[in-house]
Structure formats: structure tokens, C-alpha cells
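Trainee: the sequence and its predicted three-dimensional model are supplied below.
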Amino acid sequence: MTPERIRELIRIYREGLLEDTVPFWQRHAVDKEYGGFMTFLDADGTVVSTDKPLWVIGRITWLFAKLYNTVERRAEWLSLAKHGVSFLCRHGFDEDGRMFYSVTRDGRPLRKRRYLFTETFAVIALAEYAKVNVSDETLKQVIAQHNRNRALQRELYDLRRDESPMFSASDALVTTIYNLGIPIEEGNQLLKGTIDRIKSGQAQRSRHGVRLLLWGSQLDSTKILDIIEECGANVVADDLCIGYRSFRRDVEITSDPMTGLTTFYSSGQVCARTYRDGITERFNHIKALARDFRIDGAILYLLRYCDINGFDMPFLVDYLKNAGIPTLVIEDDYTGGVLAQIRTRVQAFVEMLEAK
């Protein structure tokens, strides 16, 4: 393809977006009565359904904020981005902090999915909208607050190092999930208060038992942890997306704060989605966790269809085997139908470790 053809296509797509597609949605999609956007439109702009899928509203909101930030500072684009953010914040969130999948025209809940779909598009919309008025100094202050949060979570997890841990894995997961859904200042206060109560002896210690490390992707329920603990073991360390992996290290506060943030999320975290050159570099942190928390064995938890973790699994099994760490692999389909089978396998694994 020649440079001339590339320039021609850029012109065609730019004109199509700014002179056809965007004006169409501005004319027909904006709900001035109830907020948000109408997303089910016919070719002539007729509203086919008034239901509002929030993930689509997140994408539309992101588009107008992105146009304002990168193409041209048009007041109407900023106004429409604010219009979308307002609807998402007023009607998008359930009491547990999760978002609805779709709502009625006036914002009443219709459907909620068990996976983070709406949240994904709401995050990019809110992040793009936040760029409008956020200065570098403000961003640095926020990063510092979140680094404080990460430090408190590490301190909380360190309370599980004792032979009889001062804080169970189930309680740790619930605290982490709750911390994700509240303002950062409130989260820091929650964590500090929890740590102080535990250290003052107000928490019940877990019983002495086999010490395990749990590796996996997303774990947003305590059901697996409850099974492990009921079988007489303690999960004293983890490498999970919603767990130690997310706060293992701080974001570096750089002169351009976006550099520190992008480095942290693109390469600063070690997980199945980030590239590492070599098995040792990819899994060395797990070996360090096993040493620091004196684990007796590891359970590798695979959520079915999580392909990137499924790809890592055999390499990690071999790595832990060579490190002398007994390993159990369990697979969950998220329905609850395999919990009895998982319990049997975990119980056998724990009994094997106890017999050593």
C-alpha cells in the first residue's frame, strides 16, 4: 500500500467518523429526559428499544471523551462525555459495588452478569473523562494514596506468616474485594483499622495446619478457600489477580505520572498476560513467596476458559516440581457443580502433605 493510499484512507475514515457517524449519534442517541444514551437505533435514528446496556453507554462515553481529548476541544463532546459519566455513576452500580449489565430507560436494573463486562468499558470511559481536568501533580497524589493502600494490603497479608495465621485467606479475599469497591481514602482507613484490630488480639487465629500457596487468575468468591480451610489447611500466600499479585509492588512516581502507571500495568506486574523472557523470570516470585511464607504445597486454580493461565499452567507445574514443591491442579467451571470433586481432591492432597 502506497503512502498516498494510506493518506487517502485516513481522510476517508476521519470524515466518515466526524461528519457522519458521530453526528448521527449526537442527533439520535442522547436521552435528554432520563440521561445516558439510547443505543438501539434503526438506520434512520428511530429508537427500537429503550433498554440501556451500560457497557455500550460506557463505550459511547469513552468515544466523546476521547474525541475531546485527542481530536478537538469541542464543548459539545465534553458535555456528552459528562452526560454519559453522570448516568453510569447514578444508575450503573449495585450495592455490592458491581455494575449492572443493562437497565431500563430511567435507570432501573434489568440484568447483571457474573463477570466484569460493564466494568471494563466503564473504566475506560471514566479514565478518559478524568484526563480532562487532572493535572500531573493531582495524579501523583492519587498514585501515592494507592501506593499507601498497596503497602497496607501487604502488611495485612504478612499477618498470615505465623504458624497459626492471624488472618484467614477467606477474610483476606473479602477485605481485598471490598477495598476495590470503595474510595481510596475509605479503603486505607478500613485496612489500617483491620490491621490494628488483628494486632491487638481481637481476631481469632486460624488453627495450625498445612500451609498452602494458591495460584490462579480471578477469584471473587471464597468458596474454594472455604473448602481448603475446611479440609484442615491454611492458605497463607497467593498469586491471584484479586490478591497479592495486584499489590505486590508500588507504582513508581515518575516525572510524567502516566509513564509510571503504564509501566506498572504493562510490565511491572508478573502474570500470565505479561511477557517474560524465560521460565525463571516468569515464576521466580512464586518460589520466593513459597520460601518467605514457608509453604508445604501449592494449589493451582484454573478457571475454565481462562486460556492465558491455562497456557502457563504446565510450565508452572514443572517449575514447582523442580523446586521440590508438591502441587495440586484444580479446575473450576464457576457453576458450583464441581465443588464436591474439588473438596475430595483437596482433602487427599492435604492428607498427603500431613503424612510427610
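Mentor: Great, that's in hand.
Trainee: switch to C-alpha atoms for all contacts and neighbour counts from now on
Mentor: OK.
Trainee: tell me where this structure has strands.
Mentor: 40-41, 47-49, 52-53, 102-103, 109-111, 210-216, 233-239, 297-303, 327-332 (DSSP state E).
Trainee: tell me the strands beside the first one, with direction?
Mentor: In other words, strand 40-41. In the sheet, strand 40-41 lines up against strand 47-49 (antiparallel) (DSSP bridges).
Trainee: please work out which of the strands of the chain is packed deepest.
Mentor: Mean neighbours per residue, mean count of other C-alpha atoms under 10 Å, is largest over these for strand 233-239, with a mean of 25.
Trainee: find the nearest non-adjacent residue to Ile224, please.
Mentor: Excluding the flanking residues, the one nearest Ile224 by C-alpha to C-alpha, 6 or more residues apart in numbering is Leu339, at 7.9 Å.
Trainee: tally of neighbours for that neighbour?
Mentor: Leu339 has 17 neighbours, counted by other C-alpha atoms under 10 Å.
Trainee: save the strands of the chain as a markdown table, and put in mean pLDDT too.
Mentor: Formatted as a markdown table, those follow (pLDDT from 0 to 100):
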| stretch | mean pLDDT |
| --- | --- |
| strand 40-41 | 96 |
| strand 47-49 | 96 |
| strand 52-53 | 96 |
| strand 102-103 | 96 |
| strand 109-111 | 94 |
| strand 210-216 | 93 |
| strand 233-239 | 92 |
| strand 297-303 | 93 |
| strand 327-332 | 92 |
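Trainee: Glu72 is nearest to which of those?
Mentor: Closest to Glu72 of the strands of the chain, according to C-alpha to C-alpha: strand 40-41, at 26.4 Å.
Trainee: and the contacts of the closest one?
Mentor: Contacts of strand 40-41 from elsewhere in the structure, counted by C-alpha atoms under 8 Å, 6 or more residues apart in numbering, are His28, Ala29, Val47, Val48, Ser49, Thr50, Asp51.
Trainee: centre of the chain versus it, how much separation?
Mentor: Counting by C-alpha atoms, centre = their mean, to the nearest Å, strand 40-41 is centred 30 Å from the centre of its parent chain.
Trainee: got JSON lines for the strands of the chain, with distance to Arg73 too?
Mentor: JSON lines is the format used below for the strands of the chain (distance: least, C-alpha to C-alpha, whole Å):
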{"stretch": "strand 40-41", "distance to Arg73": "27"}
{"stretch": "strand 47-49", "distance to Arg73": "29"}
{"stretch": "strand 52-53", "distance to Arg73": "28"}
{"stretch": "strand 102-103", "distance to Arg73": "31"}
{"stretch": "strand 109-111", "distance to Arg73": "34"}
{"stretch": "strand 210-216", "distance to Arg73": "43"}
{"stretch": "strand 233-239", "distance to Arg73": "43"}
{"stretch": "strand 297-303", "distance to Arg73": "44"}
{"stretch": "strand 327-332", "distance to Arg73": "48"}
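Trainee: show me what contacts Asp239?
Mentor: Counting by C-alpha under 8 Å, 6+ apart, Asp239 touches Leu213, Leu214, Trp215, Gly216, Arg245, Ile286.
Trainee: quick check, the fourth one in contact with Cys241.
Mentor: Right, the one you point to is Gly216. Yes: counting by C-alpha atoms under 8 Å, Gly216 does reach Cys241; the two are 7.3 Å apart.
Trainee: mind listing the helices in the stretch 201-350 of the chain by residue range?
Mentor: In the stretch 201-350 of the chain, the helices defined using DSSP state H, counting those that start in this stretch lie at 223-230, 244-247, 257-263, 279-292, 307-322, 339-354.
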